[in-house]
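Visitor: here are the coordinates; sequence isn't available:
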């Protein structure tokens, strides 16, 4: 099987324990307005336009005129000669296709660098969008003794199938209210909550992360509801991490031809600490990676 991979590289402790090879996979089933990897949203890949160096002649279809790209016809373009044959600095494509066996071989070659509990992490986009290939990859990595982690929004109903092959399960839990979750991300949170319950009841190593967004979930009442939900599920084997809103990926929205609509997302350090303390006072194991 093959996977659409945006990029890969080593990172220490941010995507799981130790020094890890992180594969960012293409495609996501949510549209979070604060997303820091918008190039990973489209399942088929995204064309990134670097406007200042864009030249008309790199598109054989004539869809670049006076240094501006008409993206309407790019969606159905299968050849993408602008980034394959006519390689240039004005355009790049977000992903490449890699065989699962090649990723396993690469991980095996690099296992000496997986120190301090390191290994391979699958991130996104949303890894479970390419479910069958991801399952094959995780199984293959576990068979050769490599530590595996996955960062997921937990919206795939088949997620529990992967539990036996994941040593560290990192779930992004955004909101407990279904209506708010749906209106903000584009999908319901019902499957997510079911998968969180399944993970907390059966997986031995779960990290649940929540991005704190001022206009979305960064208030005491919401965080207290989060705590109640987690306690109902069981928290004995879980750790929790709250993350402050940032705009590290804002520029990439423009490169993808998308509008960045977030406003008033930042929260103060004092508010962050007070919300984190709600978790701590409730007895949840809180970390900062």
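Guide: The structure has been received and is ready for your questions. Since this is a predicted model, take the numbers as computed values, not measurements.
Visitor: give me the mean pLDDT for the helix or strand where residue 8 lies.
Guide: Using DSSP states H and E, residue 8 sits within strand 2-12. For strand 2-12, the mean per-residue pLDDT is 95.
Visitor: and that strand, what's buried?
Guide: Within strand 2-12, the residues that qualify as buried are 3, 4, 5, 6, 7, 8, counting by 16 or more other CB atoms under 10 Å. No exception for glycine: its C-beta is placed from N, CA and C like everyone else's.
Visitor: stretch 161-172 too?
Guide: Buried residues in stretch 161-172 (16+ other CB under 10 Å): 162, 163, 165, 166, 167, 168, 169, 170, 171, 172.
Visitor: any idea how far residue 208 is from the last one?
Guide: Which is residue 172. Going from residue 172 to residue 208 by CB to CB, to the nearest Å gives 8 Å.
Visitor: with residue 161 instead?
Guide: Residue 161 is 19 Å from residue 208, by CB to CB.
Visitor: do residue 258 as well
Guide: 28 Å.
Visitor: more neighbours, these two?
Guide: Counted by other CB atoms under 10 Å, residue 258 and residue 208 do not tie: residue 208 has more neighbours, with 23 against 17.
Visitor: I'd say the more buried one and residue 241 touch.
Guide: Yes - Residue 208 lies in contact with residue 241 (CB atoms under 8 Å); the separation is 7.4 Å.
Visitor: can you tell me the closest non-neighbouring residue to residue 219?
Guide: residue 275 (8.0 Å; CB to CB, 6 or more residues apart in numbering).
Visitor: surely the one you found touches residue 218?
Guide: Yes - judged on CB under 8 Å, residue 275 makes contact with residue 218 at a distance of 6.5 Å.
Visitor: anything in contact with each of those two?
Guide: Listed as contacting both residue 275 and residue 218 by CB atoms under 8 Å, 6 or more residues apart in numbering are residue 212.
Visitor: do you have the strands of the stretch 151-289 of the chain handy? List them.
Guide: If DSSP state E, counting those that start in this stretch is used as the criterion, the strands of the stretch 151-289 of the chain fall at 168-172, 206-212, 238-244.
Visitor: neighbouring strands - and their directions - for the shortest one?
Guide: I take that to be strand 168-172. Here strand 168-172 is paired, per DSSP bridges, with strand 148-152 (parallel), strand 206-212 (parallel).
Visitor: relative to strand 238-244, how tilted is it?
Guide: 40 degrees (axes from the mean of the first three to the mean of the last three CA atoms, to 10 degrees).
Visitor: what separates strand 168-172 from the chain centre, distance-wise?
Guide: In terms of CA atoms, centre = their mean, to the nearest Å, the centre of strand 168-172 is found 10 Å from the chain centre.
Visitor: now the last one
Guide: Centroid separation between strand 238-244 and its chain, computed with CA atoms, centre = their mean, is 15 Å.
Visitor: now do the buried residues in it.
Guide: Buried-residue list, strand 238-244, by 16+ other CB under 10 Å: 238, 239, 240, 241, 242, 244.
Visitor: mind putting those residues into CSV with distance to residue 139 and pLDDT?
Guide: Output for these, formatted as CSV (distance: CB to CB, whole Å; pLDDT from 0 to 100):
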residue, distance to residue 139, pLDDT
238, 24, 96
239, 25, 98
240, 28, 98
241, 27, 98
242, 32, 98
244, 36, 96
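Visitor: ok so, going back, between the strands paired with strand 168-172, which gets nearest to residue 102?
Guide: strand 148-152 (16.8 Å; CB to CB).
Visitor: which residues touch the closest one?
Guide: With CB under 8 Å, 6+ apart as the criterion, strand 148-152 contacts 15-17, 20, 119-124, 126-128, 134, 138, 141-142, 159, 162, 165-172.
Visitor: chain neighbours aside, what residue packs nearest to residue 55?
Guide: Nearest to residue 55 is residue 90, by CB to CB, 6+ apart, at 5.8 Å.
Visitor: so how far is residue 21 from the one you found?
Guide: Counting by CB to CB - residue 90 and residue 21 are separated by 30 Å.
Visitor: can you give me the helices for this protein?
Guide: 100-109, 131-143, 178-185, 190-202, 220-233, 250-255, 269-281 (DSSP state H).
Visitor: re earlier: need the winner for burial among the strands paired with strand 168-172.
Guide: strand 148-152 (a mean of 24; mean count of other CB atoms under 10 Å).
Visitor: taking helix 190-202 as reference, get the angle to that one.
Guide: 150 degrees.
Visitor: what about strand 148-152, average pLDDT?
Guide: Strand 148-152 comes out at a mean pLDDT of 98.
Visitor: how far away from the center of its chain is that strand?
Guide: 9 Å.
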